[in-house]
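J.: Sequence and predicted structure are below.
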Amino acid sequence: MKVVFAMDSMKGSLSSLECGNAAAEGLLRAIPDAEYDIRPLADGGEGTVQAVTMGCNGVFEDITVTGPLGDKIDARYGIINEPTKTAIIEIAAAAGLTLIPDIDRDPIKTTTYGVGEMINDAINKGCRNFIIGLGGSATNDAGIGMLQALGAKFYDEHEQPITGDGGFLTGGDLEFIRSISAESFNPLLHECRFRVACDVNNPLYGPNGASHIFGPQKGLFESEIELMDSWMSDFAELTTQILGLEIDPDYPGCGAAGGLGFTFKYYLGSELESGNKIVIEETGLKKYISQADIVVTGEGCLDAQTAMGKAPIGIGHIAKVFGKPVIALVGSVSPGFDGETLPDVDAYFPIIRRPSTLEESMDPETARINISSTCEQIFNLINTAAFHDINSGKEDNNDEKESN
């Protein structure tokens with residue numbers, strides 16, 4: 001028997017690979033001679049750098065960049081050297097919400113400058129292909145900080161340079177920009193290709209745009225939402241003039257990461273894609289699934305968003321193309337969740353073994369034991385004589401039908 005484990009991380013608890021390792025422990029207790037592969041999985045958010053870099057035998061790069069509030073912070077990204085030199089970057093490493101205490105969150109004062117510094121560093125190290133994960137940003141600057149770090153120049157209504165109070169542009173500087181020059185852009189950018197993992201469909205501005213939908217969780221006050229939304233609209237109009245392109249600010253994903261989706265698409269010519277799709281393609285997961293007898297996937301919680309393309313859906317669909325049975329291990333199931341929304345998953349199993357608080361359940365060691373023990377019981381059943389007898393009976397019946 002050969003099993004492929006392709007589990008998303010259980011955020012705040014275990015990484016994708018840690019989940020897979022825990023599940024494999026349970027498999028081997030039930031079936032000691034079983035073969036297995038543990039494949040990393042991520043959706044473009046937290047864990048993407050680790051999943052893709054380790055899944056493709058890459059290396060990690062640790063550098064110092066400008067954080068979302070302008071202080072110097074340590075950030076990590078990955079580089080895959082073969083077959084092409086590709087940088088794997090999570091924008092949250094330089095501009096993430098978790099980098100800022102709740103009391104200091106304010107998208108008018110935060111910047112994506114550090115994201116541009118990470119891209120420059122990767123270019124200087126020979127990377128020309130990029131995979132960018134947009135999840136978890138603390139910013140709403142439409143990417144002007146990143147563009148500034150990449151060499152763009154910004155000017156106000158008096159044609160005076162705008163450089164920002166700390167030497168970097170923030171969301172608040174959007175109000176004053178009247179002209180942009182890309183003449184000083186990193187000249188190697190035109191050689192680069194960006195694949196951007198973007199799993200939200202929000203437009204740049206408007207009722208469903210970046211400021212209205214994501215601004216409050218980043219610290220934007222109600223009175224500031226319409227103001228920042230109007231700045232986003234002005235930036236889109238200016239972009240049309242500067243680039244001379246037909247701009248669609250309503251394009252799905254333009255509002256991701258405070259407008260970074262828009263800027264990656266139009267200023268850097270990026271493709272906005274499903275994060276799961278990118279990770280699955282880059283790590284060659286289809287090949288491993290095609291060679292498996294059983295596929296085990298999973299995530300932290302089954303809820304309404306699961307059916308919109310999260311890990312179990314993507315893995316289940318691929319597995320069914322190859323006719324493989326699919327099992328999902330999950331941390332919890334939301335009330336009212338309908339299992340019929342997982343058409344390509346044969347069965348899902350919550351791993352919680354006893355009543356506990358959320359904090360207790362998310363303890364990494366507890367989660368590891370729960371995954372391992374649940375997986376052990378699943379494969380104990382699969383390995384029972386009764387299970388084999390049932391399958392044997394089905395095969396005999398199929399043989400009889402064929403002979404008739």
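T.: Nice, I can see it.

J.: Buried ones in the host helix or strand of residue 349, by neighbour count?
T.: Element membership for residue 349, per DSSP states H and E: strand 347-350. For strand 347-350, burial by neighbour count (16 or more other Cβ atoms under 10 Å) applies to 348, 349. Where you see a C-beta, it was placed from the backbone N, CA and C, and this is true even at glycine.

J.: now swap in stretch 73-81 and tell me
T.: Judged by neighbour count (16+ other Cβ under 10 Å), stretch 73-81 contains these buried residues: 73, 75, 76, 77, 78, 79, 80.

J.: okay, the residue found closest to residue 92 once you drop the neighbours it is linked to in the chain: pLDDT?
T.: Spatial nearest neighbour of residue 92, excluding adjacent residues (Cβ to Cβ, 6 or more residues apart in numbering): residue 136 at 3.7 Å. pLDDT for residue 136: 87.

J.: Relative to residue 214, how far out is residue 136?
T.: In this structure, residue 136 and residue 214 are 11 Å apart, going by Cβ to Cβ, to the nearest Å.

J.: Same check on residue 374?
T.: As judged by Cβ to Cβ, residue 374 and residue 214 stand 35 Å apart.

J.: before we move on, what about residue 197?
T.: Note on residue 197: its distance to residue 214, by Cβ to Cβ, is 16 Å.

J.: now residue 315
T.: Distance, residue 315 to residue 214, by Cβ to Cβ: 27 Å.

J.: Specify which residue of the two has the higher count of neighbours.
T.: residue 315 (30 against 22; other Cβ atoms under 10 Å).

J.: My guess is that one contacts residue 327. True?
T.: No - in this structure residue 315 lies outside contact range of residue 327 using Cβ atoms under 8 Å: 10.4 Å.

J.: rewinding a little: tell me what the strand holding residue 349 is packed against?
T.: Secondary-structure packing of strand 347-350 (3 or more Cβ pairs under 8 Å, 6 or more residues apart in numbering; DSSP states H and E): strand 326-333.

J.: what's in contact with the strand it packs on?
T.: Strand 326-333 is contacted by residues 7, 10, 13, 19, 23, 294-303, 312, 315-316, 319-320, 342, 344-352, 361-362, 367, 371, 374-375, 378 when judged by Cβ atoms under 8 Å, 6 or more residues apart in numbering.

J.: Now a PyMOL select for only the buried ones of those residues.
T.: Entered in PyMOL, the line below selects the buried ones among the contacts of strand 326-333, by 16+ other Cβ under 10 Å:
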select buried, resi 7+10+13+19+23+294+295+296+297+298+299+300+301+302+303+312+315+316+319+320+342+344+345+346+348+349+351+352+361+362+367+371+374+375+378
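
J.: Which of the contacts of strand 326-333 fall in helices?
T.: Within these, residues falling in helices by DSSP state H are 19, 23, 312, 315-316, 319-320, 361-362, 367, 371, 374-375, 378.
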